[in-house]
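Q: Here's a sequence, model it:
(2 chains)
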Amino acid sequence: GESVGLHLPTLSVQEGDNSIINCAYSNSASDYFIWYKQESGKGPQFIIDIRSNMDKRQGQRVTVLLNKTVKHLSLQIAATQPGDSAVYFCADLPSGTYKYIFGTGTRLKVLA
Amino acid sequence: DTEVTQTPKHLVMGMTNKKSLKCEQHMGHRAMYWYKQKAKKPPELMFVYSYEKLSINESVPSRFSPECPNSSLLNLHLHALQPEDSALYLCASSRSYGQDAYEQYFGPGTRLTVT
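A: Numbering: from 1, shown residues only, chains lettered A, B, ... in the order given. Okay, the predicted model is just below:
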């Protein structure tokens, strides 16, 4: 994705519900994808990655889905907790390059 | 251990000062990165080092000067900065880069304020 605008999209979710954060990427040559979580005042924290030869990968409470046909990536968080509140960035890496392309980010707010 | 450390955590400097940011990792990663991040924006790539050699400079002004003394350390030397250079400076590392992509780990960042 490309960074646009100054306002982060925000997703508000009730504690205990599932969260789905979406990301679109533009480069069809991208073959590696990462989701990062960034809490206020901290560096991005690696959550989960997926390669283009897969369409789904599961971690602990998180699942990443990749749809190469429409160039779409999503992060699903099960049983969302207050500690999940953060900004989430997707990043894709075009094959043969060094430059991770970051999405604009989504702020996740968990409501008690 | 997936830790990348950065010092200092905060830095305030005047436009005539010279300062350095430091980054260290002991994961055996051979690719190291400097990013700049403004508020509410994603990280923006500045430099990439691969096997201690500068591979990429994303047209960064010369007032930012990177240095990779060895495979574990990465420095960013700052001189004659402008107030608009105030940002969070992030260091990252990965096992390699390019075609053999591996996860990239970030440090906590240095919050830089230029007065």
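
Q: Need the per-residue pLDDT for residue 95.
A: Here I'm looking at chain A. Note on A:Ser95: pLDDT of 83.

Q: right idea, wrong chain: chain B
A: Value for B:Arg95, per-residue pLDDT: 84.

Q: these two touch, right, it and B:Ala31?
A: Yes - here B:Arg95 lies in contact with B:Ala31, judged by CB atoms under 8 Å, at a distance of 7.3 Å. Where you see a C-beta, it was placed from the backbone N, CA and C, and this is true even at glycine.

Q: If you count surrounding residues, which of those two has more?
A: Each of B:Arg95 and B:Ala31 has its neighbours counted (other CB atoms under 10 Å in any protein chain shown); B:Ala31 has more, 20 against 15.

Q: Let me see the contact set for that one.
A: By CB atoms under 8 Å, 6 or more residues apart in numbering or on different chains, the residues touching B:Ala31 are A:98, B:48-50, B:93-97.

Q: What subset of those residues is buried?
A: A:98, B:48-50, B:93-94, B:97 (16 or more other CB atoms under 10 Å in any protein chain shown).

Q: Which single one of the residues you listed is nearest to A:Gly105?
A: Distances from A:Gly105 to those, taken as CB to CB, are shortest for B:Ser94 (20.4 Å).

Q: Can you tell me, leaving aside adjacent residues, what's nearest to the closest one?
A: For B:Ser94, ignoring the flanking residues on the chain, the nearest one in space by CB to CB, 6 or more residues apart in numbering or on different chains is B:Gln104 at 4.3 Å.

Q: any idea how far that neighbour is from A:Leu93?
A: 9 Å (CB to CB, to the nearest Å).

Q: Now the common contact residues for these two.
A: Common neighbours of B:Gln104 and A:Leu93 (CB under 8 Å, 6+ apart) are A:34, A:100.

Q: Test my guess that the residue nearest to B:Ser94 contacts A:Phe46.
A: Yes - using CB under 8 Å, B:Gln104 is in contact with A:Phe46, at 7.2 Å.

Q: what about those two, which has more around it?
A: Comparing B:Gln104 with A:Phe46 by other CB under 10 Å, the one with more neighbours is B:Gln104, at 26 against 17.

Q: Just the pLDDT for the more buried one.
A: Looking at B:Gln104, the pLDDT reads 89.

Q: Equivalent analysis for B:Asp100, please.
A: The model's pLDDT for B:Asp100 equals 61.

Q: again with A:Gly41
A: A:Gly41 is given a pLDDT of 88.

Q: about what we covered before: I'd like to know which of the buried ones among the contacts of B:Ala31 are part of strands.
A: B:48-50, B:93-94 (DSSP state E).

Q: From A:Val70, how far off is A:Leu108?
A: 23 Å.

Q: Looking at those two, which is more packed in?
A: Between A:Leu108 and A:Val70, A:Leu108 has the larger neighbour count (other CB under 10 Å), namely 20 against 6.

Q: give me every residue that touches the more buried one.
A: A:10-11, A:13, A:19, A:21, A:77, A:80, A:84-88 are the contacts of A:Leu108 under CB under 8 Å, 6+ apart.

Q: Quick one: low-confidence residue ranges for chain A.
A: A:1-7 (pLDDT under 70).

Q: Tell me the residue of it that sits nearest chain B?
A: Using CB to the nearest CB, A:Phe102 is the residue of chain A that sits closest to chain B, at 3.4 Å.
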